[in-house]
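Visitor: Here is my input; please provide its structure:
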Amino acid sequence: MSPLLDAMLRAAIDAGAVVMRHYEAGTDVSHKGDGSPVTAADTQAEGVILAALARFAPDIPVVAEEQAAAGIVPQGAPRFFLVDPLDGTREFVSRNGDFTVNIALIEDGVPVAGVVFAPSEGRLFAGEGTNAFETRVRAGEIGTLTPLRVRRSPEAVTAVCSRSHGTQATWDWLAHFEVGDSVCRGSSLKFCLLAAGEADIYPRLGRTMEWDTAAGDAVLRAAGGLVTTLDGAPLSYDKRDQGHDEDFANPHFIAYGDPALAERAGRASAGEPAGRLPAEGIAG
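Guide: Sure, this is the predicted structure:
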């Protein structure tokens, strides 16, 4: 693990402790201009992360969700952090445990390192380069690191869907596949289930923001999976460099565990029978 990833991991754990204090004590909920909920847990956890990143990597700019909502956005840079201090605020408010702390490092539009921490479960995922791992966090202490690798997908896939933002378009898209099981989870945990080999595919045909996806995307890529737009291009980050607006909205995307599933989806969208997965399975 690089020193930078270690610093991101420690920041996520400290922010998770703040989130859990609010979760256990209860906190008031307000709403931002787009109607999405926000709590003191969001803002205070973001403050912890920003302070930690400023100490360790003061030269790397940070795009953070609550700062962005307040109009505080750094100038575009080829290397920057993307931070969502509490992904799954609706789940946090609903008290179902499906919320995460997310920190990602972006280089030239690619998420090259990421940390996803689910503090209510003590479950932490991280990825950097081609190495991904999971560990348990108890009382702020990190346990044994377990390597992660996506699984070869079975013919009947396990699909992961959004707990709060499911759409009919998602189920229509999944008609390309034989779906043996489906799991609804909140937050970026959906990417991590694919990275851990617990599921196979996560389609998202609805609005998301870059800070919602970048850390989970980094973990999944490091575990051997991939995330693409509906036309098969890799999902990219900081679209300001591509002439888009500055709200950091993602296009619709599909996250795959086994990369062979992306080839299968391409054949199906072209009108060809999806068929069985190639015998060679997962690339890499």
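
Visitor: Check which element follows the longest helix that the chain contains along the chain.
Guide: Longest helix of the chain, by residue count under DSSP state H: helix 3-25. Secondary structure here is assigned by DSSP states H and E; on that basis, the next helix or strand after helix 3-25 toward the C-terminus is strand 29-31.

Visitor: which other helices and strands contact that following strand?
Guide: If you count contacts as 3 or more C-beta pairs under 8 Å, 6 or more residues apart in numbering; DSSP states H and E, strand 29-31 packs onto strand 37-39. In this view, the C-beta of every residue, glycine as well, is placed from N, C-alpha and C.

Visitor: In the sheet, which strands lie alongside the strand it packs on, parallel or antiparallel?
Guide: Each strand that strand 37-39 pairs with, and the sense of that pairing, follows from DSSP bridges: strand 29-31 (antiparallel).

Visitor: average pLDDT for the longest helix of the chain?
Guide: Across helix 3-25, the average pLDDT comes to 94.

Visitor: next one: stretch 199-208
Guide: Mean pLDDT, taken over the full extent of stretch 199-208, equals 92.

Visitor: do the same with stretch 182-193
Guide: Throughout stretch 182-193, pLDDT has a mean value of 89.

Visitor: before we move on, back to that, tell me which strands and helices the longest helix of the chain is in contact with?
Guide: Other helices and strands packing on helix 3-25, by 3+ C-beta pairs under 8 Å, 6+ apart, are helix 40-56, strand 79-87, strand 100-107, strand 110-118, strand 123-128.

Visitor: Need the winner for burial among these.
Guide: strand 100-107 (a mean of 28; mean count of other C-beta atoms under 10 Å).

Visitor: what's the first-to-last distance across stretch 220-231?
Guide: Criterion C-alpha to C-alpha, to the nearest Å; first-to-last residue distance in stretch 220-231 is 19 Å.

Visitor: How far does it sit from its chain's centre?
Guide: Taking C-alpha atoms, centre = their mean, to the nearest Å, the mean C-alpha location of stretch 220-231 is offset from the chain mean by 11 Å.

Visitor: hang on, the earlier thing: who wins for proximity to Pro251 among the helices and strands packed on helix 3-25?
Guide: Smallest distance to Pro251 across those (C-beta to C-beta): 15.3 Å, for strand 110-118.

Visitor: now the closest one against strand 79-87, angle please.
Guide: Going by axes from the mean of the first three to the mean of the last three C-alpha atoms, to 10 degrees, strand 110-118 is angled at 20 degrees with respect to strand 79-87.

Visitor: Tell me the strands beside strand 110-118, with direction?
Guide: As defined by DSSP bridges, the strand partners of strand 110-118 come to strand 100-107 (antiparallel), strand 123-128 (antiparallel).
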